[in-house]
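Colleague: got a structure for you, letters missing:
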């Protein structure tokens, strides 16, 4: 796998939906574990895997991530893009993954040295100890998101239903986050991982590998709308970020700063927008839409919807 970071091209999805999505039957990603239930009866339940992946950029060790282990090449490239370590004009000459050593190496034509950068990092609120490096905010201040992007409320209702009913590791085993790249009412790429930042990075890596442009895309996540989620979505150039979960104050502040449309608590016909409401087209009467089915409500959703 090699090529340029950036230089997006027009993207026409095949039949519109789920070009990539989780495979809950992949034996590498979860396993059955014996236990007992509340009555003391023996049960077998599926749990997701968690394994280390050490990322090198050329000869320099960058980070060790805990991940479920799928798409290591996309995770590696996406991480480097979102941490501002791969530049738009960088040429990637190779990506080498060794499953036994649990190592992935990204090689570039440009000589790289991030020793000083690695000393300045911020531990984020992301699961599995997410990090954002200090100079990422320098690039964040220069980001311009597409002001002409639109989100129809009919698209949002359709997306939440399609994503929540799609086969996933969450439905099979739980204890995992999901992120989905969407276009209008079509979910295109669905990634899951133990940390939501890993799922974001896999999508960033996929967009890079396929040269997919961000201006008309919508990013959906099952996790909270934290500063890290806003920063990474903005770094990818995506103007609309949607979550079925809630917000943090800094996440909202950063979204307003960069002009991002930020929508939380998106469940069925309901949502809350705290930034970028000018992009929303209200073409669906909330009274006519469907509520989220009880079997598809994730943690915390029942209480909010029944209130």
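Modeller: Nice, thanks for sending it over. This is a predicted model, so every value here is computed, not measured.
Colleague: residue 176: what's it in contact with?
Modeller: When contacts are counted by CB atoms under 8 Å, 6 or more residues apart in numbering, residue 176 touches 48, 68, 169-170, 192-194. To be clear about C-beta, it is placed using only N, CA and C from the backbone, and glycine gets the same treatment.
Colleague: what about residue 24, helix or strand, and which?
Modeller: Secondary-structure assignment from DSSP states H and E places residue 24 in no helical or strand segment.
Colleague: so which strand or helix has the closest residue to residue 74 other than its chain neighbours?
Modeller: Once flanking residues are discounted, residue 74 sits nearest to residue 205: 3.2 Å by CB to CB, 6 or more residues apart in numbering. For residue 205, the element it lies in under DSSP H and E is helix 196-210.
Colleague: picking that back up, now that we have the contacts of residue 176, can you turn them into TSV and tack on distance to residue 162 and secondary structure?
Modeller: Formatted as TSV, the entries for the contacts of residue 176 read as follows, by distance: CB to CB, whole Å; DSSP: H, G, I helix; E, B strand; the rest coil:
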residue	distance to residue 162	secondary structure
48	22	strand
68	22	coil
169	17	helix
170	14	helix
192	15	strand
193	20	strand
194	23	coil
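Colleague: if we take these, which one ends up nearest to residue 80?
Modeller: Distances from residue 80 to these, taken as CB to CB, are shortest for residue 193 (16.4 Å).
Colleague: residue contacts, the closest residue to residue 187 other than its chain neighbours?
Modeller: Spatially, and ignoring its direct neighbours in sequence, residue 187 is nearest to residue 180 (4.9 Å; CB to CB, 6+ apart). Residue 180 is in contact with 159, 163, 187-191, 203, 219-221, counting by CB under 8 Å, 6+ apart.
Colleague: now do residue 247
Modeller: When contacts are counted by CB under 8 Å, 6+ apart, residue 247 touches 224-225, 262, 264, 274.
Colleague: try residue 35
Modeller: Contact partners of residue 35, counting by CB under 8 Å, 6+ apart, are 42-45.
Colleague: circling back to that earlier point, from the contacts of residue 180, which land in helices?
Modeller: 159, 163, 203 (DSSP state H).
Colleague: compute the first-to-last residue distance for stretch 178-189.
Modeller: From the first residue to the last, stretch 178-189 extends over 10 Å; the measure is CA to CA, to the nearest Å.
Colleague: only the buried residues of that stretch, if you could.
Modeller: Judged by neighbour count (16 or more other CB atoms under 10 Å), stretch 178-189 contains these buried residues: 178-183, 185-189.
Colleague: state the mean pLDDT of the helix holding residue 205.
Modeller: The predicted model gives helix 196-210 an average pLDDT of 95.
Colleague: please name every helix or strand in contact with that helix.
Modeller: Under the contact criterion of 3 or more CB pairs under 8 Å, 6 or more residues apart in numbering; DSSP states H and E, helix 196-210 touches helix 72-82, strand 177-183, strand 186-193, strand 218-221, helix 227-235.
Colleague: so which of those gets nearest residue 136?
Modeller: For the helices and strands packed on helix 196-210, proximity to residue 136 was assessed by CB to CB; helix 227-235 is nearest, at 6.5 Å.
Colleague: mind showing which ranges of this protein have poor pLDDT?
Modeller: Scanning the chain for pLDDT under 70 picks out 1-16, 119-135, 289-307.
Colleague: a strand runs through residue 254, doesn't it?
Modeller: No: secondary structure assignment (DSSP: H, G, I helix; E, B strand; the rest coil) places residue 254 in helix, not in a strand.
Colleague: distance of it from residue 141?
Modeller: Applying CB to CB, to the nearest Å, the value for residue 254 to residue 141 is 10 Å.
Colleague: more neighbours: those two, which one.
Modeller: Neighbour count, other CB atoms under 10 Å: between residue 254 and residue 141, residue 254 has more, with 24 against 8.
Colleague: rewinding a little: make a markdown table from the helices and strands packed on helix 196-210 and add distance to residue 57 to it.
Modeller: Converted to a markdown table, these look like this (distance: least, CB to CB, whole Å):
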| stretch | distance to residue 57 |
| --- | --- |
| helix 72-82 | 6 |
| strand 177-183 | 23 |
| strand 186-193 | 20 |
| strand 218-221 | 25 |
| helix 227-235 | 17 |
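Colleague: settle this for me: residue 248 is touching residue 224, isn't it.
Modeller: Yes: counting by CB atoms under 8 Å, residue 248 does reach residue 224; the two are 6.5 Å apart.
Colleague: looking at these two, which has the bigger crowd around it?
Modeller: In terms of neighbours (other CB under 10 Å), residue 224 is the more surrounded of residue 248 and residue 224; the figures are 20 against 17.
Colleague: my guess is that one meets residue 250, correct?
Modeller: No: the pair formed by residue 224 and residue 250 falls short of the contact definition of CB under 8 Å, at 11.3 Å.
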